[in-house]
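>>> build the 3D model from these lines:
(chains A, B, C and D)
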There are 2 protein chains.
Amino acid sequence: MTRENPTPAVRPLTLRDVSEASGVSEMTVSRVLRNRGDVSEATRAKVLEAAKTLGYVPNKIAGALASSRVNLVAVIIPSLSNMVFPEVMMGISQILEDTELQPVVGVTNYSPEREEKVLYEMLSWRPSGVIIAGLEHTEAAKAMLGASGIPIVEIMDVDGEPIDSMVGISHRRAGRHMATAIVEAGYQKIGFLGTKMPLDHRARKRFEGFTEALAKSGLEVADSEFYDGGSALLKGREMTQAILARSPELDFLYYSNDMIAAGGLLYLLEKGIDIPAQIGLAGFNGVELLDGLPRSLATMDAHRLDIGRAAAEIIARRVEDPTTPPGEVVVLKPSIDFGDTLKRVKKRPDL
Amino acid sequence: MTRENPTPAVRPLTLRDVSEASGVSEMTVSRVLRNRGDVSEATRAKVLEAAKTLGYVPNKIAGALASSRVNLVAVIIPSLSNMVFPEVMMGISQILEDTELQPVVGVTNYSPEREEKVLYEMLSWRPSGVIIAGLEHTEAAKAMLGASGIPIVEIMDVDGEPIDSMVGISHRRAGRHMATAIVEAGYQKIGFLGTKMPLDHRARKRFEGFTEALAKSGLEVADSEFYDGGSALLKGREMTQAILARSPELDFLYYSNDMIAAGGLLYLLEKGIDIPAQIGLAGFNGVELLDGLPRSLATMDAHRLDIGRAAAEIIARRVEDPTTPPGEVVVLKPSIDFGDTLKRVKKRPDL
DNA sequence: CGGCCCTCTGTTAGCGCTATCATAGCCAAG
DNA sequence: CTTGGCTATGATAGCGCTAACAGAGGGCCG
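Numbering: from 1, shown residues only, chains lettered A, B, ... in the order given. Take a look at the predicted model:
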């Protein structure tokens, strides 16, 4: 405390300050702080002491520029507001915690333009890898990813051509699988309730798979209802009411996500409708939330945690050993949970 | 396409490449790409063209080092898994979208050590500001924040001394307010259900305020139940069952968050209990999810979106004009929503 | 037509770190 | 005591960009 002013921070500290305070060269300080190279115990202690008292925080910008090593992994996802991506994030964090790497999140709100912008922004920090949701990107985005020279993992979806690696489930197949289960359970008049999101390619693919499998059984979606924005639980209620008012003959409702399905379930229970005998229900995503509902909802688990973990593992491996071949593909199988809202006929081995 | 190999990306592109391709100096390219300084239309077009065909992505690391300007705002929050922080994030994004600034999220999992580490890591990228949840930090973390020389906004809570600015609600007061409303509605045997999280200071403060206000009316919490981990909805169910099995005389249940309250509500409705006459319920947080429940739950809105927005505005203002005085404090008032689960006695103007 | 003030472009010198190589000091072997 | 081979430390030269200033060219004035 040699100066008057107790709040310094006028000029941010640099290696030089630590070097002067501890009486060794900047290079030695750098070595100590990065635990790299041989430094004697005595010097190390002296340097650490000085760094600590000064409150020195290394400048990674300068470090990264000098070493062209950046321990960041860009994670680009459409949204944080429906629990599916936070869960993927957890998987990613779990794996990266054991490495030097750090995830940095960018959110696109399902907008391709925003995705392109966020991607550009992130790539300009020269991360060590990119984990990005989906296989559909603008041409420019694909070009950037391809030219970046770093490991890229596209996640969630495997129905398409990856730029490099991909990890996910087949949403088309998930849709087919659910349709088959519904048909086998004997339901005939099937309604679909989903989001009005032309850019949610995964929901679209599930729907395509669903209708395709129904068609094979000579069925089609009898009525459908779409929403956007607002509380999903409430929307589920409202849409269910609306679709049944219009098409009272429906005996099954397939929802594009568990939250609206839960809303529908609560509504139908209140109306005293017999589930799954009179009307069957199914959602998608296996949200943990559902455990507490009065009736266990039929759903399909998209293995979000595993997707995050597998993606992070690919990046970690590639960073650790750059000779690891690119283009790894991990296909996870969505597992159906019949719950109490979908009549069970017989165990099928798998689809 | 002069070379054989169609996948270049051996050496990442630099300003020099663009400069050579467009026949102007690196400086001019830099000016064009940053829209700074006067450049003739012809040159600008030439440069942009070259940058685009090459697929050049600027290196922000070098840029930041040279200009000592980093357009990142560190956002440090405890968790992404309960919707309250994602909502704060949305508020932050909404405001920062109109600026050059970009949020970067770090998650601490309610661990002070992790918070310290995440903070160190983030500060080492020299962000333009920090938004951090809570007022409780390790000594080292406080020292780093204080010495960083950048705007700091502590959010969510205002019961304590901020390092610089703070934005939030008083959780003590929120607890008191709810207690008063419950007592005025005539409930006497009050149970508390919450998380077993010694490090969730805000939940603790709410509980303190709650018991303090009860004490003023000569009451105390008759029984309580705590949980950790797992599906909150399910836990709400289980805890409600447990506490009522033990203390059947309870006539009110105060839950520390809306998710467990929702679980409790569903359970009690199934049991055919008369709400709010026989038992009253209240939660905390005003989660959008609740709109779809069979009965509208009494809760208190913590204005999370507004907290995010206000915090981001403070940072944006301070970055825009560094002479803006620090130490701004924004206290938001939590608003009570009686819903259908808390008997209403009379309108009170406010607490 | 010199002088002045524009507009546009280029030159130079770092930003704070790390890679790389050089070197001082030391000990053991010959 | 020399030589070789250590280990511990330092000197130097960038990383890719931008700030700050310098200068070239052109138009317009008196």
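
>>> C-alpha from now on. contacts and neighbour counts both.
OK.

>>> give me the number of residues near the residue of the stretch 151-300 of chain A found nearest DNA strand D?
The stretch 151-300 of chain A approaches DNA strand D most closely through residue A:151 (18.5 Å), counting by Cα to the nearest atom of the strand. Number of residues near residue A:151 (other Cα atoms under 10 Å in any protein chain shown) recorded here: 26.

>>> likewise residue A:149?
Neighbours around residue A:149, by other Cα under 10 Å: 17.

>>> can you list contacts of whichever strand or helix holds residue A:50?
According to DSSP states H and E, residue A:50 maps onto helix A:41-54. By Cα atoms under 8 Å, 6 or more residues apart in numbering or on different chains, the surrounding residues in contact with helix A:41-54 are A:18, A:19, A:21, A:22, A:29, A:32, A:33.

>>> just list the residues touching whichever residue of the stretch 51-200 of chain A sits closest to DNA strand C, thanks.
Closest to DNA strand C within the stretch 51-200 of chain A is residue A:63: 3.5 Å, counting by Cα to the nearest atom of the strand. Applying Cα under 8 Å, 6+ apart to residue A:63 gives the contacts residue A:69.

>>> which parts of the stretch 51-200 of chain A are helices?
A:60-67, A:84-96, A:112-123, A:139-147, A:171-184 (DSSP state H, counting those that start in this stretch).

>>> name the stretch among those helices that sits most buried.
Across these, the average number of neighbours (mean count of other Cα atoms under 10 Å in any protein chain shown) peaks for helix A:171-184, which reaches a mean of 23.

>>> what helices and strands are in contact with that helix?
helix A:201-216 (3 or more Cα pairs under 8 Å, 6 or more residues apart in numbering or on different chains; DSSP states H and E).

>>> what parts of the stretch 51-200 of chain A come near DNA strand D?
With the criterion set to Cα under 7 Å from any atom of the strand, the stretch 51-200 of chain A comes near DNA strand D through A:62, A:65, A:66, A:67, A:68.

>>> where's the last one relative to residue A:60, distance?
As for residue A:68, its distance to residue A:60 is 11 Å (criterion: Cα to Cα, to the nearest Å).

>>> how many residues are close by residue A:229?
Residue neighbour count, defined by other Cα under 10 Å, stands at 9 for residue A:229.

>>> secondary structure element for it?
Residue A:229 belongs to no helix or strand, assigned by DSSP H and E.

>>> what's opposite residue A:330 in the beta bridge?
Beta bridges link residue A:330 to residue A:167, judged by DSSP bridges.

>>> list the contacts for it?
Residue A:330 neighbours (Cα under 8 Å, 6+ apart): A:166, A:167, A:168, A:310.

>>> so which residues of the stretch 201-350 of chain A form strands?
A:221-227, A:252-255, A:280-282, A:299-301, A:329-331, A:335-337 (DSSP state E, counting those that start in this stretch).

>>> okay, these in JSON lines with mean pLDDT and distance to residue B:284 next?
Below are the strands of the stretch 201-350 of chain A laid out as JSON lines (pLDDT from 0 to 100; distance: least, Cα to Cα, whole Å):
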{"stretch": "strand A:221-227", "mean pLDDT": "95", "distance to residue B:284": "28"}
{"stretch": "strand A:252-255", "mean pLDDT": "97", "distance to residue B:284": "29"}
{"stretch": "strand A:280-282", "mean pLDDT": "96", "distance to residue B:284": "30"}
{"stretch": "strand A:299-301", "mean pLDDT": "94", "distance to residue B:284": "29"}
{"stretch": "strand A:329-331", "mean pLDDT": "98", "distance to residue B:284": "40"}
{"stretch": "strand A:335-337", "mean pLDDT": "93", "distance to residue B:284": "32"}
